[in-house]
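S.K.: return atomic coordinates for the entry below.
(2 chains)
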Amino acid sequence: MTVSKDRVQSSPYPIQWLLSDVFAHATVYGIYSAISTVTFFVIIVKTSFFQDRFGVDEIQYHPLDSSRPGWNDPILSSIIYLQSSIMAHALIFIARSRRFFFLDRPSFMLIFPFAIAQISATLIAVYANWNFTNIGACGWKWAGIVWLWNIVWFFPFDLLKVF
Amino acid sequence: MLRFNPTDKRTAITYRTINDGKVHRISKGMARIILDLCTRDKTDELIEQFERDVDEFARRGLRSLAVAIEDVPSGDIDGEGSGFKLIGLLPIYDPLRQDTKETIDRAIELGVKVKMVTGDQLAIAKETGRRLGIGDNMYPAKVLKDGPPPNSPYQDIDDFILYADGFAGVYPEHKYEIVERLQNMGHMIAMTGDGVNDAPALKKANVGIAVADSSDAARSAADIVLTEPGLSVVIEAILSARKIFQCMRNYSVYATSMTVNILVSYSVLLIAFQFDFPSFMVKEKKTDKKYNEIFFFYFSIQRYSSLLSSIIRH
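M.R.: Residues are numbered from 1 along each chain as shown, chains lettered A, B, ... in the order given. Presented below is the predicted three-dimensional model:
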């Protein structure tokens, strides 16, 4: 909603509504951020990279006859939730400008809700143990990894957008 | 009494002098119209001098009004006159507002093509166009009917309207026709005007802007009525319309890419790893906007904003 209060540059030439242009950009951005989520998931479950580097606990692969079969681990759900929440919301900073995100400073009205929303998302991921929706507290270490992961993915994203 | 109207381009009044009770009719109006009206004492010499003076005034940006008088021998107010006689020529200076040039420069900078369509004579229109930076590639309105002159680089009337800087000596229906032809070529037209004769074209234009102190007809036909003199606020309107447009584009890119993101990532995870992400956590986010509504809204606003960014006419 606060996009409407954003500081934007007005275009120096007449502009036209190009739906195909909007969809093309949106598809590229969407797929890039989807790749970030899927890669994150694969690295967590298929390698021991994070476990080795940051000393976090391994995600359990549950037997298929249990109540949460396979990779449906509450903690993993929490981690993926936080990752895609931040990434999806950060898309606004990618989408709002055609230049590097720091060149067109977003307005306070855009940054503030982002901060509030993502701080609460982090708190939910770190502390919430909600059985009804299969969410388990992942702890600050995982939250830190998620934030780091997203920051690492955000900058090439910005670069990709500029080209 | 004949009130001024843009088709006749003159005004007339019939009056009785108190001293001797004789009835006279006097008419004032556009120089050439009055000249055509005159029948008495019209020598070739007079016509030649008249035309020379009018052209001389026009080259200096002065508009000429001519005055003619006739007697009404019957003494009846509606009676036939004895024929008009030319008695004078009034040069009138219609100063340009100071901010007009600036406004037009800014508009051209913003990619808006500006054309001037005026009822004034060609020489005045050219002089004004030069002063305002519109250019003096202007033509009399009759080319709109006859088509471009045979040796001109323009192929047809559409081409002509698109590339000319303006037209002079036009009638209200020409203004309407110019707007309509440009629209048929796929352009968005914004037009400014103040008079009754502008009303049809203001209505036809995508954005009609009635300037301050416009006639009621122009006001009611226009989409935007300015309340302060000057056109500079139009530039503000163009800029903020483009900002709104940019915000809408940003939001729709954001909303669509977020949907693509969540859809693609969770479906890949579900298919490849049987990872059934708890849907409660996704629903909490605001992804499920009603897209139909959003796009409908965008399209209606889009009409408004892109037209402002197209063409301003005077």
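S.K.: confirm residue B:39 sits in a strand?
M.R.: Yes. The assignment for residue B:39 is a strand, going by DSSP: H, G, I helix; E, B strand; the rest coil.
S.K.: hmm, it is touching residue B:84, no?
M.R.: Yes. Using C-beta atoms under 8 Å, residue B:39 is in contact with residue B:84, at 6.2 Å. Bear in mind the C-beta positions are built from the backbone N, C-alpha and C, glycine included.
S.K.: is the helix or strand hosting residue A:40 in proximity to chain B?
M.R.: Per DSSP states H and E: residue A:40 is located in helix A:19-46. Yes. Using C-beta under 8 Å from any C-beta of the partner chain, helix A:19-46 reaches chain B at A:19, A:22-23, A:25-31, A:33-34, A:37-38, A:41, A:45.
S.K.: ChimeraX command for the buried members of these?
M.R.: Here is the ChimeraX command that selects the buried residues among the residues of helix A:19-46 next to chain B (16 or more other C-beta atoms under 10 Å in any protein chain shown):
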select /A:22,23,25,26,28,29,30,33,34,37,38,41,45
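S.K.: what's the farthest-apart pair in the residues of helix A:19-46 next to chain B?
M.R.: Farthest-apart pair in those is A:19 and A:45; separation 38.1 Å (C-beta to C-beta).
S.K.: can you tell if stretch B:157-167 touches chain A?
M.R.: No. Stretch B:157-167 is not in contact with chain A by C-beta under 8 Å from any C-beta; minimum separation 15.0 Å.
S.K.: how about residues contacting that stretch?
M.R.: With C-beta atoms under 8 Å, 6 or more residues apart in numbering or on different chains as the test, stretch B:157-167 has contacts from B:115-118, B:125, B:129, B:134-141, B:143-144, B:147-148, B:152, B:154, B:174, B:178, B:181-182, B:184-185.
S.K.: buried ones only from those, please, as a PyMOL command.
M.R.: Buried subset of the contacts of stretch B:157-167, written as a PyMOL selection, criterion 16+ other C-beta under 10 Å:
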select buried, chain B and resi 115+116+117+118+125+129+134+135+136+138+139+141+143+144+148+154+174+178+181+182
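S.K.: in strands only, show me the contacts of stretch B:157-167.
M.R.: Taking DSSP state E as the definition of strands, the contacts of stretch B:157-167 contribute B:115, B:116, B:117, B:138, B:139, B:140.
S.K.: verify the contact between residue B:176 and residue B:201 for me.
M.R.: Yes. The pair residue B:176 / residue B:201 is scored as a contact, 4.7 Å apart, by C-beta under 8 Å.
S.K.: which one of these two has more residues nearby?
M.R.: residue B:201 (26 against 20; other C-beta atoms under 10 Å in any protein chain shown).
S.K.: and that one, which of the three is it?
M.R.: With three-state DSSP as the basis, residue B:201 sits in helix.
S.K.: and residue B:90, how far from chain A?
M.R.: The spacing between residue B:90 and chain A, counted by C-beta to the nearest C-beta, to the nearest Å, is 42 Å.
S.K.: what sits against that residue?
M.R.: Residue B:90 touches B:28, B:64, B:65, B:66, B:67, counting by C-beta under 8 Å, 6+ apart.
S.K.: burial measure for the residue of chain B found nearest chain A, as a count.
M.R.: Nearest to chain A in chain B, going by C-beta to the nearest C-beta, is residue B:260, at a distance of 2.5 Å. Other residues within reach of residue B:260, judged by other C-beta under 10 Å, total 22.
S.K.: lowest-pLDDT helix or strand in chain B?
M.R.: Least confident helix or strand, chain B: strand B:311-313 with a mean of 40, by mean pLDDT, DSSP states H and E.
S.K.: did I read that right, residue B:78 in a strand?
M.R.: No. Under three-state DSSP, residue B:78 sits outside any strand and is assigned coil.
S.K.: do you know the pLDDT at it?
M.R.: pLDDT, residue B:78: 75.
S.K.: so how far is residue B:69 from residue B:79?
M.R.: 15 Å (C-beta to C-beta, to the nearest Å).
S.K.: run through chain A and note the low-pLDDT ranges.
M.R.: Counting by pLDDT under 70, chain A shows low-confidence ranges at A:1-12, A:55-56, A:58-72, A:131-134, A:163.
S.K.: quick one, helices of it?
M.R.: Ranges of helices within chain A are A:19-46, A:49-54, A:74-95, A:108-127, A:139-162, based on DSSP state H.
S.K.: which neighbouring elements make contact with the third one?
M.R.: In terms of contacts (3 or more C-beta pairs under 8 Å, 6 or more residues apart in numbering or on different chains; DSSP states H and E), helix A:74-95 is packed against helix A:19-46, helix A:108-127, helix A:139-162, helix B:232-273.
S.K.: among these, which comes closest to residue A:99?
M.R.: helix A:139-162 (6.6 Å).
S.K.: is that closest one positioned near chain B?
M.R.: No. Using C-beta under 8 Å from any C-beta, helix A:139-162 never reaches chain B; the gap is at least 10.3 Å.
S.K.: so what's the residue of chain B closest to chain A up against?
M.R.: Residue B:260 neighbours (C-beta under 8 Å, 6+ apart): A:26, A:27, A:29, A:30, A:31, A:34.
S.K.: so which of those residues comes closest to residue A:98?
M.R.: Distances from residue A:98 to the contacts of residue B:260, taken by C-beta to C-beta, are shortest for residue A:29, at 12.2 Å.
S.K.: for the helices of chain A, give me CSV that also has distance to residue B:208.
M.R.: Putting the helices of chain A into CSV (distance: least, C-beta to C-beta, whole Å) gives the following:
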stretch, distance to residue B:208
helix A:19-46, 27
helix A:49-54, 63
helix A:74-95, 34
helix A:108-127, 34
helix A:139-162, 39
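S.K.: looking at these, which is buried most?
M.R.: Of the helices of chain A, the one with the most neighbours on average (mean count of other C-beta atoms under 10 Å in any protein chain shown) is helix A:74-95, at a mean of 24.
S.K.: which parts of the stretch 101-250 of chain B are helices?
M.R.: Along the stretch 101-250 of chain B, the segments classed as helices by DSSP state H, counting those that start in this stretch run B:122-132, B:143-146, B:157-163, B:172-184, B:199-204, B:216-221, B:232-273.
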